[in-house]
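Novice: using only what follows, build the 3D model:
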Amino acid sequence: MASSTTARSGAAGARGGTKGVARGEREEQILAVAGAVFGEQGYAATSVADIAARAGISKPLIYNYFGSKDGLFERVVGEAAALIVTEIERSARLGAVGVERGLVTLDGVFGVLEGRIWTWQVVNDPTAPTTGSIATVQDACRRRLEELAAEGVGELLRLAGVTDPLDVEAMTAVWGQVFATLVTWWTQHPDVTREQMTARCVRLFDAVLAR
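Specialist: Below is the predicted model of the structure:
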């Protein structure tokens with residue numbers, strides 16, 4: 001049987017911690033819960049009360065740490081964007097080229113999103129503000145992803161002898177849609193593992209491109 005001390009400790013942990021927790025650690029606890037709630041419900045439909053209830057803390061504590069719902073969402077989006085961009089940049093340095101680079105990139109993104117699909121959802125939340133600092137963070141993430149896509153697509157087309165800038169631009173747009181659609185589809189099918197999704201992408205690419 002658990003001691004009364006252990007039981008009290010467990011209860012405090014379930015509430016996300018309100019005393020005796022370092023500020024940085026407490027912020028990360030709140031950000032993780034907020035990310036999940038924003039991902040499930042969307043920015044527009046989520047209130048600070050929703051997040052506080054899920055985290056087992058008070059609304060004033062969230063306001064004390066983040067200032068407002070917008071301040072909290074901006075932090076969530078900023079960390080999510082950094083996670084995704086950092087992973088795709090890492091994948092780009094692995095040396096894979098052409099279609100293989102695309103597959104490696106997808107697998108890496110599936111890996112960082114596994115267990116936290118809200119990361120992708122908040123970065124692409126259609127209900128988020130379209131102006132202001134939140135929009136700036138989301139736009140910066142999208143621009144960086146577009147740059148990385150253009151780099152990979154340009155490399156692929158050069159291997160095929162295609163160098164027309166408009167061809168690269170057109171195919172980059174196509175790849176961006178394919179990439180986003182595959183990742184979004186996976187986030188909507190939680191029973192599909194990362195390994196299964198990567199294998200599915202390999203099959204689909206093989207079928208479509210007749211590799």
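
Novice: for this structure, longest helix please?
Specialist: If you go by DSSP state H, the chain has its longest helix at helix 132-159.

Novice: what residues sit buried inside the helix or strand just after it?
Specialist: Later in the chain than helix 132-159, the nearest helix or strand by DSSP states H and E is helix 165-187. For helix 165-187, burial by neighbour count (16 or more other Cβ atoms under 10 Å) applies to 168, 171-172, 175-176, 178-179, 182-183, 186-187. To be clear about C-beta, it is placed using only N, CA and C from the backbone, and glycine gets the same treatment.

Novice: again, but for stretch 131-143
Specialist: Neighbour-count burial for stretch 131-143 [16+ other Cβ under 10 Å]: 134, 137-138, 141-142.

Novice: between these, which is nearest Pro60?
Specialist: Ile134 (22.2 Å; Cβ to Cβ).

Novice: burial measure for the nearest residue to the closest one once chain neighbours are set aside, as a count.
Specialist: For Ile134, ignoring the flanking residues on the chain, the nearest one in space by Cβ to Cβ, 6 or more residues apart in numbering is Glu74 at 5.0 Å. Glu74 has 22 neighbours, counted by other Cβ atoms under 10 Å.

Novice: residue contacts, Glu74?
Specialist: Glu74 makes contacts with 133-134, 137, as judged by Cβ atoms under 8 Å, 6 or more residues apart in numbering.

Novice: what pLDDT does Gly95 get?
Specialist: Note for Gly95: predicted pLDDT of 91.

Novice: from Arg101, how far off is it?
Specialist: 9 Å (Cβ to Cβ, to the nearest Å).

Novice: neighbour-wise, which of these two wins?
Specialist: Neighbour comparison, Gly95 and Arg101: the larger count goes to Arg101, with 20 against 8 (by other Cβ under 10 Å).

Novice: who's in contact with the residue lying closest to that one once chain neighbours are set aside?
Specialist: In space, and not counting its chain neighbours, Arg101 is closest to Gly152: 5.0 Å by Cβ to Cβ, 6+ apart. Shown in contact with Gly152 (Cβ under 8 Å, 6+ apart): 92, 101-102, 105, 175.

Novice: okay, now Gly102: neighbour count?
Specialist: Neighbour count for Gly102, taken as other Cβ under 10 Å: 22.

Novice: for it, which non-adjacent residue is spatially closest?
Specialist: Take Gly102 and drop its neighbours on the chain: the residue closest to it by Cβ to Cβ, 6+ apart is Gly152, 6.6 Å away.

Novice: test for you: state the pLDDT assigned to that neighbour.
Specialist: On the pLDDT scale, Gly152 is placed at 94.
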